[in-house]
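Novice: quick one, what's the 3D model for this:
(chains A and B)
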There are 2 protein chains.
Amino acid sequence: MKFDQINYFMSLALDLAHKAFQQDEVPVGAIIVNKHGDVIASQFNLKEKNQNPCHHAEVLAVTQACEKLNSWRLLDCDLYVTLEPCPMCLATLSQARLNNIYFGAYDPKGGAISLGFDLHKNELLNHKLGIYGGFKHLECSRLISSFFRQRRSAYKK
Amino acid sequence: MKFDQINYFMSLALDLAHKAFQQDEVPVGAIIVNKHGDVIASQFNLKEKNQNPCHHAEVLAVTQACEKLNSWRLLDCDLYVTLEPCPMCLATLSQARLNNIYFGAYDPKGGAISLGFDLHKNELLNHKLGIYGGFKHLECSRLISSFFRQRRSAYKK
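Specialist: Model prediction:
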């Protein structure tokens, strides 16, 4: 996978994160790409709108891709997401047998890797994921920071 | 919570696990109970039928309870499940802000606690879960063993 291809797919995920922002959701976007380079799922976080704690962008993308392929196994597919996955999402991506995960901004307070939940390395689990972070880090982290700054200032009013 | 109450709720979860078995799904059942003792969600594993890797009993129960309460926060609610939750499910239950988790059989190969993913103890996460295992252990583990024995014998034919 070339670096410019990763950045291209991350820019699609960023577009989705902007849509989440517009809907007052924590701005995270995710896409899933098959081995031919086709985007088979495009989702953003909808936890508040749907009042469902599972409806992070990654989980919604997994559901969409599984419906498209009529299979719970997303072998040979990669996921691009603008924020480091939380433990729930990383475990979901492992359950879905995804190939590689590329994420944007690191999330020191809630990201699975940052918290030390290195599921992808666990020898006891059947499936091993590749996980790589920091793509378009500045755009992704500025979007998140801007969202929470706006939210804090709204609370103060 | 009295021990006989826990066993009563676990028996309801076991009934659901038997339904999963009848549908050729890994037999795991889960219920969610509110602080008044009302059962607000009853689900069993439907991963194969739905071809969705997220559709473990616990995740389906969280979705059902959130729809019922119209909230992603299941504060003061407890979950009863016949098998030790996997890392995806334990992380989902933490995201949903559940109070206590009571599980049946330990799962040395796939259970979050057994694998060392002690999410519920992480000091960096906002929410702390109580998690207690081994209730109706024999019934729960025999049901699982019986399912995989049957499946192995079917493969051999």
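Novice: which residues of chain A fall in helices?
Specialist: A:3-22, A:47-50, A:57-69, A:87-95, A:112-115, A:137-156 (DSSP state H).
Novice: pLDDT wise, what is the nearest residue to A:Arg73 once chain neighbours are set aside at?
Specialist: Among residues not flanking A:Arg73 along the chain, A:Arg97 sits closest, at 4.8 Å (Cβ to Cβ, 6 or more residues apart in numbering or on different chains). Yep, even glycine has a C-beta here, placed from its N, CA and C like the rest. pLDDT for A:Arg97: 95.
Novice: repeat for A:Leu115
Specialist: So A:Leu115 comes in at 91 (pLDDT).
Novice: what's the pLDDT at the nearest residue to A:Val81 once chain neighbours are set aside?
Specialist: Of all residues not flanking A:Val81 in the chain, A:Ala30 sits nearest, at 4.1 Å (Cβ to Cβ, 6+ apart). If you check A:Ala30, the pLDDT there is 98.
Novice: give the contact list for A:Ala30.
Specialist: Remark: with contacts taken as Cβ atoms under 8 Å, 6 or more residues apart in numbering or on different chains, A:Ala30 is in contact with A:13, A:16, A:41-44, A:57-58, A:60-61, A:79-82.
Novice: quick check: the gap between A:Thr63 and chain B.
Specialist: 6 Å (Cβ to the nearest Cβ, to the nearest Å).
Novice: give me the neighbour count for the residue lying closest to that residue once chain neighbours are set aside.
Specialist: The shortest distance from A:Thr63 to any non-neighbouring residue, by Cβ to Cβ, 6+ apart, is to B:Asn52 (6.0 Å). For B:Asn52, the count of nearby residues is 21 (other Cβ atoms under 10 Å in any protein chain shown).
Novice: for B:Asn52, what are phi and psi?
Specialist: phi -140, psi 120 (degrees, to the nearest 10).
Novice: pretty sure it sits against A:Gln64.
Specialist: No. Between B:Asn52 and A:Gln64 there is no contact under Cβ atoms under 8 Å: 10.3 Å.
Novice: chain B contacts on chain A?
Specialist: Within chain A, the residues that sit near chain B (Cβ under 8 Å from any Cβ of the partner chain) are A:47-48, A:50-54, A:59, A:62-63, A:66-67, A:70-73, A:86-88, A:91-92, A:94-97, A:109-110, A:115, A:117, A:119, A:122, A:124-125.
Novice: quick one, which of these are buried?
Specialist: A:47, A:50, A:52-54, A:59, A:62-63, A:66, A:72, A:86-88, A:91-92, A:94-97, A:110, A:115, A:117, A:119, A:122, A:125 (16 or more other Cβ atoms under 10 Å in any protein chain shown).
Novice: buried stuff in stretch A:134-147?
Specialist: Under 16+ other Cβ under 10 Å, the buried positions of stretch A:134-147 are A:Phe135, A:Lys136, A:Glu139, A:Cys140, A:Ser141, A:Leu143, A:Ile144, A:Phe147.
Novice: any residues touching that stretch, and which ones?
Specialist: With Cβ under 8 Å, 6+ apart, stretch A:134-147 has contacts from A:6-7, A:10-11, A:14, A:17-18, A:21, A:26-28, A:80, A:82-83, A:102-106.
Novice: where in chain A is pLDDT low?
Specialist: For chain A, applying pLDDT under 70 flags the ranges A:1.
Novice: beta-bridge partners for the most centrally placed residue in it, please?
Specialist: In chain A, the centroid-proximal residue (Cα atoms, centre = their mean) is A:Val81; its distance is 3.1 Å. For A:Val81, the beta-bridge partners under DSSP bridges are A:Ala30, A:Phe103.
Novice: now do the contacts for it.
Specialist: Here A:Val81 is in contact with A:Ala13, A:Val28, A:Gly29, A:Ala30, A:Ala57, A:Glu58, A:Ala61, A:Cys89, A:Ile101, A:Tyr102, A:Phe103, A:Gly104 (Cβ under 8 Å, 6+ apart).
Novice: just the buried residues out of the contacts of stretch A:134-147, in ChimeraX syntax.
Specialist: Listed next is the ChimeraX selection for buried residues among the contacts of stretch A:134-147, using 16+ other Cβ under 10 Å:
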select /A:6,10,14,17,21,26,27,28,80,82,83,102,103,104,105
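Novice: still on that earlier bit, so how far is chain B from the residue nearest to A:Val81?
Specialist: 14 Å.
Novice: next: A:Val33.
Specialist: Taken as Cβ to the nearest Cβ, the span from A:Val33 to chain B is 18 Å.
Novice: isn't that residue up against A:Asp76?
Specialist: No. If you go by Cβ under 8 Å, A:Val33 and A:Asp76 don't touch, sitting 9.9 Å apart.
Novice: who's more crowded, the two?
Specialist: Neighbours were tallied for A:Val33 and for A:Asp76 using other Cβ under 10 Å; the higher tally belongs to A:Val33 (23 against 13).
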